[in-house]
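> have a look; sequence and predicted model below, questions after that.
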Amino acid sequence: MASSEIMNLEELHFLGIKVVYKDMIDQGYEVLNVRKELDINPQILAKKDDQFYAVVVKTGYYPEMGIVLPEIIQQVREMGRKRNALCYYASVGIANANGKTEKEMARPVVGGEYYINYKGIIPFPELKAKLPSINKED
């Protein structure tokens, strides 16, 4: 592999956001705001059919996909309640399309070609109530 500049986390994250943004536009969403900072959630605020959407985008290096941590889900869910927005997340995986080995594929380069693993925006999972512990006594 040529000695090209490997994408840092911010560049990888922004590429993932661009993938989700384009998909949402193609699906008829009106994107109202995009935040590319790693520590700001949600990344995309959108509207479709008079409904607001808050979308958290997380991106990972091949073979991983971006993951949304439970505390982020809680934080964004609370923001969504206040603004009457449905909360979604998008998990994106980026691979270097010119990589010949697993290691090279896990190192996408700036301005390179990519394989994108993305399955669309997904509603936040429902919170499961904590069940009381059951102590079995013999």
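Sure, I can see it. Numbers count the residues shown, from 1 in each chain.

> averaged pLDDT, stretch 99-113. What do you get?
Mean pLDDT, computed over stretch 99-113, is 96.

> and the helices in the chain, which stretches?
9-26, 70-83, 102-105 (DSSP state H).

> deepest of those, which one?
helix 9-26 (a mean of 17; mean count of other Cβ atoms under 10 Å). (C-beta placed from N, C-alpha, C; glycine too.)

> switch the helices of the chain over to JSON lines; also include distance to I40.
Formatted as JSON lines, these follow (distance: least, Cβ to Cβ, whole Å):
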{"stretch": "helix 9-26", "distance to I40": "10"}
{"stretch": "helix 70-83", "distance to I40": "11"}
{"stretch": "helix 102-105", "distance to I40": "29"}
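
> identify whichever of those helices lies nearest to D49.
Closest approach to D49 among the helices of the chain (Cβ to Cβ): helix 9-26, 13.2 Å.

> packing partners of that closest one?
Packing partners of helix 9-26 (3 or more Cβ pairs under 8 Å, 6 or more residues apart in numbering; DSSP states H and E): strand 30-34, strand 44-48, strand 51-61, strand 85-96, strand 114-118.

> can you put the ones you listed in a markdown table and add distance to E126 and mean neighbour count?
Shown next, in a markdown table, are these (distance: least, Cβ to Cβ, whole Å; neighbours: other Cβ atoms under 10 Å):
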| stretch | distance to E126 | mean neighbour count |
| --- | --- | --- |
| strand 30-34 | 26 | 14 |
| strand 44-48 | 22 | 19 |
| strand 51-61 | 16 | 22 |
| strand 85-96 | 11 | 22 |
| strand 114-118 | 23 | 17 |
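
> got JSON lines for the ones you listed, with distance to R107 too?
Shown next, in JSON lines, are those (distance: least, Cβ to Cβ, whole Å):
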{"stretch": "strand 30-34", "distance to R107": "26"}
{"stretch": "strand 44-48", "distance to R107": "26"}
{"stretch": "strand 51-61", "distance to R107": "7"}
{"stretch": "strand 85-96", "distance to R107": "6"}
{"stretch": "strand 114-118", "distance to R107": "11"}
